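Asker: The sequence and its predicted three-dimensional model are supplied below.
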Amino acid sequence: QVQLVESGGGLVQPGGSLRLSCAASGSIFSINDMGWYRQAPGKQRELVATITSGGSTNYEDSVKGRFTISRDNAKKTVYLQMNSLKPEDTAVYYCNAELLSILTGLVPLHYWGQGTQVTVSS
(Lines give C-alpha, C1' and ligand atoms only; values in the text may rest on other atoms or scores of the structure.)
Protein backbone atom coordinates (compact mmCIF):
# COMPACT_ATOMS: atom_id res chain seq x y z
CA GLN A 1 0.00 0.00 0.00
CA VAL A 2 1.17 3.52 -0.81
CA GLN A 3 0.10 6.63 1.10
CA LEU A 4 0.68 10.35 0.83
CA VAL A 5 0.05 12.21 4.07
CA GLU A 6 -0.09 16.01 4.14
CA SER A 7 0.34 18.32 7.11
CA GLY A 8 0.83 21.99 7.85
CA GLY A 9 -2.40 23.63 6.78
CA GLY A 10 -4.32 26.07 8.90
CA LEU A 11 -5.63 29.61 9.32
CA VAL A 12 -3.28 32.51 8.64
CA GLN A 13 -3.68 36.26 8.19
CA PRO A 14 -3.01 37.92 4.84
CA GLY A 15 0.72 38.43 4.39
CA GLY A 16 1.52 35.47 6.60
CA SER A 17 3.33 32.21 5.89
CA LEU A 18 2.66 28.50 6.08
CA ARG A 19 4.72 25.43 5.25
CA LEU A 20 3.02 22.32 3.93
CA SER A 21 4.61 18.89 4.05
CA CYS A 22 3.69 15.66 2.28
CA ALA A 23 5.32 12.36 3.15
CA ALA A 24 5.05 9.27 0.97
CA SER A 25 5.14 5.86 2.60
CA GLY A 26 4.61 2.22 1.75
CA SER A 27 6.07 -0.12 -0.85
CA ILE A 28 7.76 2.56 -2.95
CA PHE A 29 10.51 1.73 -5.42
CA SER A 30 11.11 5.27 -6.66
CA ILE A 31 9.39 8.65 -6.97
CA ASN A 32 9.37 10.76 -10.11
CA ASP A 33 7.62 14.14 -10.11
CA MET A 34 5.96 15.47 -6.97
CA GLY A 35 3.65 18.43 -6.76
CA TRP A 36 0.99 20.48 -5.04
CA TYR A 37 -2.47 21.26 -6.36
CA ARG A 38 -5.29 23.24 -4.81
CA GLN A 39 -9.04 23.44 -5.07
CA ALA A 40 -11.06 26.42 -3.91
CA PRO A 41 -14.82 26.17 -3.27
CA GLY A 42 -16.73 26.07 -6.55
CA LYS A 43 -13.56 25.86 -8.64
CA GLN A 44 -11.64 23.13 -10.38
CA ARG A 45 -8.45 21.69 -8.94
CA GLU A 46 -5.44 23.58 -10.26
CA LEU A 47 -1.71 23.08 -10.36
CA VAL A 48 0.30 25.10 -7.85
CA ALA A 49 3.85 23.79 -8.24
CA THR A 50 5.76 20.70 -9.29
CA ILE A 51 9.28 19.41 -8.76
CA THR A 52 11.14 16.65 -10.58
CA SER A 53 13.33 14.04 -8.94
CA GLY A 54 16.30 16.12 -10.07
CA GLY A 55 14.98 19.29 -8.48
CA SER A 56 13.61 21.21 -11.47
CA THR A 57 10.57 23.27 -10.49
CA ASN A 58 7.50 24.73 -12.15
CA TYR A 59 5.02 27.22 -10.67
CA GLU A 60 1.59 28.54 -11.49
CA ASP A 61 1.90 32.22 -12.39
CA SER A 62 -0.03 33.60 -9.41
CA VAL A 63 2.31 31.98 -6.86
CA LYS A 64 5.65 32.73 -8.51
CA GLY A 65 7.92 34.63 -6.15
CA ARG A 66 5.74 33.79 -3.14
CA PHE A 67 5.73 29.97 -2.96
CA THR A 68 8.70 27.61 -3.00
CA ILE A 69 8.49 23.87 -3.60
CA SER A 70 11.27 21.56 -2.42
CA ARG A 71 11.77 17.88 -1.69
CA ASP A 72 13.87 15.56 0.43
CA ASN A 73 14.31 12.37 -1.59
CA ALA A 74 15.72 10.43 1.34
CA LYS A 75 12.61 11.21 3.39
CA LYS A 76 10.26 10.80 0.41
CA THR A 77 8.80 14.18 1.34
CA VAL A 78 7.81 17.27 -0.62
CA TYR A 79 7.33 20.71 0.92
CA LEU A 80 5.55 23.90 -0.07
CA GLN A 81 6.72 27.09 1.62
CA MET A 82 4.02 29.71 1.17
CA ASN A 83 4.85 33.35 1.91
CA SER A 84 2.92 36.59 1.42
CA LEU A 85 -0.32 34.65 1.49
CA LYS A 86 -3.43 36.25 0.03
CA PRO A 87 -7.13 35.51 0.63
CA GLU A 88 -7.31 34.09 -2.90
CA ASP A 89 -4.84 31.37 -1.83
CA THR A 90 -7.57 29.90 0.35
CA ALA A 91 -8.21 26.32 -0.79
CA VAL A 92 -7.71 22.68 0.01
CA TYR A 93 -4.16 21.82 -0.97
CA TYR A 94 -3.43 18.34 -2.31
CA CYS A 95 -0.12 16.56 -2.67
CA ASN A 96 0.50 14.48 -5.79
CA ALA A 97 3.31 12.10 -6.65
CA GLU A 98 4.11 9.92 -9.63
CA LEU A 99 5.81 6.86 -8.23
CA LEU A 100 6.71 3.27 -8.92
CA SER A 101 5.68 0.53 -6.55
CA ILE A 102 6.44 -3.17 -6.57
CA LEU A 103 2.78 -3.66 -5.68
CA THR A 104 1.75 -2.30 -9.10
CA GLY A 105 4.49 -3.90 -11.18
CA LEU A 106 6.70 -0.80 -11.26
CA VAL A 107 4.28 1.00 -13.56
CA PRO A 108 4.39 4.78 -12.91
CA LEU A 109 1.13 5.81 -11.25
CA HIS A 110 -0.12 9.05 -9.72
CA TYR A 111 -1.16 9.10 -6.08
CA TRP A 112 -2.98 11.82 -4.15
CA GLY A 113 -2.97 12.87 -0.54
CA GLN A 114 -6.14 13.51 1.42
CA GLY A 115 -5.80 17.29 1.28
CA THR A 116 -5.11 19.96 3.87
CA GLN A 117 -7.12 23.17 4.31
CA VAL A 118 -5.38 26.51 3.98
CA THR A 119 -7.45 29.56 4.94
CA VAL A 120 -6.12 33.10 4.54
CA SER A 121 -8.31 35.57 6.38
CA SER A 122 -8.11 38.44 8.81
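Answerer: That came through, no problem.
Asker: Okay, now the unreliable bits of the protein?
Answerer: Across the chain, not a single residue meets the criterion (pLDDT under 70).
Asker: Which residue is most remote from the mean position of the chain?
Answerer: G105 (25.1 Å; C-alpha atoms, centre = their mean).
Asker: distance of that residue from G26?
Answerer: According to C-beta to C-beta, to the nearest Å, G105 stands 15 Å off from G26. In this view, the C-beta of every residue, glycine as well, is placed from N, C-alpha and C.
Asker: Quickly find the element holding the residue most central in space within the chain.
Answerer: A centroid search over the chain (C-alpha atoms, centre = their mean) returns W36, at 2.8 Å, as the residue closest to the centre. In the assignment (DSSP states H and E), W36 maps to strand 28-39.
Asker: what's that strand in contact with?
Answerer: Residues from elsewhere that reach strand 28-39, judged by C-beta atoms under 8 Å, 6 or more residues apart in numbering: 2, 20, 22, 24, 45-53, 69, 71, 73, 76, 78, 80, 89, 91-102, 106, 108, 115, 118.
Asker: Out of those, which sit inside strands?
Answerer: Using DSSP state E, 2, 20, 22, 24, 46-51, 69, 71, 78, 80, 91-101, 118 are the members of the contacts of strand 28-39 that sit in strands.
Asker: Among these, name the buried ones.
Answerer: For the ones in strands among the contacts of strand 28-39, a neighbour count by 16 or more other C-beta atoms under 10 Å gives the buried set as 2, 20, 22, 24, 48-51, 69, 71, 78, 80, 91-101, 118.
Asker: Excluding residues flanking it in the chain, which one is nearest K76?
Answerer: Nearest residue to K76, sequence neighbours excluded (C-beta to C-beta, 6 or more residues apart in numbering): A24, at 4.2 Å.
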